[in-house]
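Undergrad: I need the structure of the sequence given here:
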Amino acid sequence: CLATLVIMLVGDTYTLINYVSFINYLCYGVTIIGLIVLRWRKPKIFRPIKVNLLIPITYLAFWAFLLIFSLYSEPIVCGVGLVIILTGVPVFFLGVYWRNKPKCVNRLTESITCWGQKLCFVVYPQGGVAEEQ
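TA: Numbers count the residues shown, from 1 in each chain. Next up is the predicted model:
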């Protein structure tokens, strides 16, 4: 979020749209790859909607073409998009992966989460307790 704010202040909107569209298409493709992997590894789990595998495979072919074309035509924009995605890695390790955090870090992450939920009007259902699995 901070990187996006800096880019908006420094760059133009067209460049920001290019960053976001590359990131979106990358995430969509990874999601479809996950769908295909789950269909092969766990074919018996419940799925509310089940489509023929030809549809996601066709989508992935077009996705790969668009992603390769984007990387070829605008490598710097795609690189910055990847850097924006990678800025979330430290946040993941601080907030999710690190289990035995000191209380001050827990308080900080909880206050940031609460602030973000209030800002975006988002709350956990069922009394505010997150399910851990």
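Undergrad: mind listing what N106 touches?
TA: By C-beta atoms under 8 Å, 6 or more residues apart in numbering, N106 lies in contact with nothing. Using the backbone N, CA and C atoms, a C-beta is placed for each residue, glycine as well.
Undergrad: got the buried residues for the helix or strand hosting it?
TA: In this structure, N106 sits in helix 103-120 according to DSSP states H and E. Neighbour counts over helix 103-120 (16 or more other C-beta atoms under 10 Å) mark T109 as buried.
Undergrad: from the chain's centroid, how far away is it?
TA: Centroid separation for helix 103-120 versus its chain: 20 Å, with C-alpha atoms, centre = their mean, to the nearest Å.
Undergrad: over to stretch 70-81?
TA: With C-alpha atoms, centre = their mean, you get 18 Å for stretch 70-81.
Undergrad: could you pull up the mean pLDDT of the host helix or strand of I76?
TA: Using DSSP H and E, I76 maps to helix 75-86. The average pLDDT within helix 75-86 is 85.
Undergrad: swap in stretch 52-64?
TA: On average, stretch 52-64 scores 91.
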